[in-house]
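Participant: Here you go, sequence then predicted model.
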Amino acid sequence: MIVCVCKSVSDRTIRSSIAEGVDSFDELQFELGVASCCGKCEESVRDVMLQSGVCASRCGVDHHQTQAVPLTFYELKAA
């Protein structure tokens, strides 16, 4: 399936690049030109990356195994 119409990049091409070691959105953008014209494909490219097991932002977090972190809110009171 064509993901980036402007550059004629398919999901197979993206998966192939990932298999060859490309592991960030910026690298894909540089190598393949995705999301460099109109930008409408960025979300789809990031989805393909996530499906391929690559965190699209290089955050090092597996999005399928994240756990909620408890937050504490403090109220600021006037002196």
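Facilitator: Received, thanks.

Participant: which stretches of this structure form strands?
Facilitator: 2-4, 9-10 (DSSP state E).

Participant: so of these, which one's packed in deepest?
Facilitator: Comparing those by mean neighbour count (mean count of other Cβ atoms under 10 Å), strand 2-4 ranks first with a mean of 20. All C-beta atoms are positioned from the backbone trio N, CA, C, and that covers glycine.

Participant: so where's the protein uncertain?
Facilitator: 56-69, 71, 79 (pLDDT under 70).

Participant: Any idea how many residues pack against residue 49?
Facilitator: 23 (other Cβ atoms under 10 Å).

Participant: same question but for residue 12, I mixed them up
Facilitator: Residue 12 has 12 neighbours, counted by other Cβ under 10 Å.

Participant: if I look at it, how far off is residue 72?
Facilitator: Separation of residue 12 from residue 72 (Cβ to Cβ, to the nearest Å): 47 Å.
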